[in-house]
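A.B. asks: Next input, structure requested:
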Amino acid sequence: MSVPVRALLALSLLASGCNQLEKLTRTKKDKPPVAAAAATVPAVAPEPAHEAAAAPEQAAPEPARYGVPFAWEASPNEPLAKARGFLAEALRSNQVQVGLGRQHFIPFVDGQTPRATVVTCADSRVQSNAWDQTPENDDFTVRNIGNQVSNALGSIEYGVEHLHTPLLLIVGHTGCGAVKAALGKTDELSAPIRSELASLKLPAVRKGASPEQAWTEAVGSNVNVQVALATEHFAELVHSGELTVVGAVYDLRNELGKGYGRLQIINVNTNTEAPRIDAFLKAVQSATGAGGSSSSNTAGSPGAAGGSAAAVTLNGKPVASSETVEERVKKIVERAQRALPAGKKPSVTVSSTEAPHE
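C.D. replies: Take a look at the predicted model:
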């Protein structure tokens with residue numbers, strides 16, 4: 001009795017296994033194996049591009065999103081409060097520019113015709129209105145830390161060779177942080193800052209100079225180095241007289257003793273000798289431009305000998321013989337004041353009296 005039971009059990013297991021084999025065989029028949037499929041198709045090495053295309057596409061990562069801060073902070077000295085304060089003042093100040101109206105922008109709305117390419121430091125204390133009260137369409141300004149030429153040669157070339165500015169003015173300034181950093185160790189600075197300072201080469205510090213003296217002298221030395229680089233690069237234009245390269249120091253700390261905020265010219269086409277600089281300044285300050293007549297101290301007086309007011313321009317427009325420079329400036333100030341909000345209009349007095357030299 002036990003043998004037939006064992007036989008039946010064996011037959012049952014065998015039948016079960018056959019069923020599974022049959023299912024597996026049927027599945028393989030329905031879907032050919034990879035090896036068999038590959039044998040029916042010529043083997044071609046897939047190109048990398050095809051492999052990339054065959055790979056499942058992944059969705060591009062979404063750019064990071066940041067919130068827009070609206071709530072004011074508890075303290076006006078917190079970063080976001082300072083940022084919003086600046087932007088609020090910028091928008092208010094821009095209304096002054098808008099108030100200048102169409103006539104202010106028409107002369108240069110379709111193109112620029114600057115007279116100077118100005119290379120100066122990115123320091124926030126150094127702005128073009130320190131040497132040009134109407135810089136629009138007059139100053140093609142290039143800024144970087146340390147007022148360097150080699151770091152911005154493309155922009156400088158555009159001003160000199162494409163806009164054809166006859167003057168390349170390089171302006172350093174007392175208290176320059178880039179010069180101070182270059183005098184010391186830059187190891188602790190970030191790689192991008194170190195890279196930008198790497199081309200700032202300064203001569204050895206004068207023996208016996210105090211740290212402050214060495215710093216101020218290095219500012220002037222850096223200006224001379226940059227003038228030399230620019231003069232060499234644009235040598236053909238300098239030799240032909242089409243370009244004059246001038247180096248100056250904006251003395252915001254009165255380190256040179258001639259007054260806070262004085263722009264002091266120290267180099268003209270690599271000439272640094274005091275007599276040459278003095279002669280150059282006298283020639284510059286006595287000329288009116290194309291006319292060549294002296295207008296020093298008389299530009300605002302229509303009837304003054306040697307200096308007709310018609311030879312003076314303001315915002316790119318000649319001052320008519322029927323008005324003085326002061327009258328034109330008053331008109332500009334009045335337009336600007338009309339654009340200011342109520343309670344923000346300052347009292348402005350316009351005078352032709354020259355400030356005494358300190």
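
A.B. asks: From Asn144, how far off is Thr244?
C.D. replies: Taking C-beta to C-beta, to the nearest Å as the measure, Thr244 falls 22 Å from Asn144. C-beta here means a position set from N, CA and C on the backbone, and glycine is covered the same way.

A.B. asks: and what of Ala191?
C.D. replies: 16 Å.

A.B. asks: who's more crowded, the two?
C.D. replies: Higher neighbour count among Ala191 and Asn144: Asn144, with 17 against 7, using other C-beta atoms under 10 Å.

A.B. asks: Give me the phi and psi angles of the more buried one.
C.D. replies: phi -160, psi 170 (degrees, to the nearest 10).

A.B. asks: what does Tyr260 give?
C.D. replies: phi -60, psi 130.

A.B. asks: Likewise for Ser221?
C.D. replies: The phi/psi pair for Ser221 (degrees, to the nearest 10) is phi -60, psi -40.

A.B. asks: Let me know how buried the closest residue in space to it that isn't next to it in sequence is, in neighbour terms.
C.D. replies: Leaving out its chain neighbours, the residue that sits closest to Ser221 by C-beta to C-beta, 6 or more residues apart in numbering is Pro203, at 5.3 Å. The tally of other residues near Pro203 (other C-beta under 10 Å) stands at 11.

A.B. asks: Just the pLDDT at Pro203, thanks.
C.D. replies: pLDDT for Pro203: 90.

A.B. asks: Next: Glu62.
C.D. replies: pLDDT, Glu62: 83.

A.B. asks: That one: neighbour count?
C.D. replies: 6.

A.B. asks: Cys121 touches Gly146, doesn't it?
C.D. replies: Yes. Using C-beta atoms under 8 Å, Cys121 is in contact with Gly146, at 6.3 Å.

A.B. asks: Checking the nearest residue to His173 once chain neighbours are set aside next. Helix, strand or coil?
C.D. replies: Closest residue to His173 apart from its sequence neighbours, by C-beta to C-beta, 6+ apart: Tyr250 at 4.2 Å. Per DSSP: H, G, I helix; E, B strand; the rest coil, the secondary structure class of Tyr250 is strand.

A.B. asks: try Tyr66
C.D. replies: On the basis of three-state DSSP, Tyr66 is classed as coil.

A.B. asks: I'd like to know how many residues surround it.
C.D. replies: 6.

A.B. asks: Okay, it and Ile193: tell me how far apart.
C.D. replies: Distance from Tyr66 to Ile193, by C-beta to C-beta: 25 Å.

A.B. asks: now swap in Lys185 and tell me
C.D. replies: Taken as C-beta to C-beta, the span from Lys185 to Ile193 is 13 Å.

A.B. asks: out of these two, which sits in the more crowded spot?
C.D. replies: It is Ile193, of Lys185 and Ile193, that has more neighbours when counted by other C-beta under 10 Å, with 14 against 7.

A.B. asks: What mean pLDDT does the host helix or strand of the more buried one get?
C.D. replies: Using DSSP states H and E, Ile193 sits within helix 191-197. For helix 191-197, mean pLDDT rounds to 95.

A.B. asks: for stretch 142-159, same thing?
C.D. replies: On average, stretch 142-159 scores 97.
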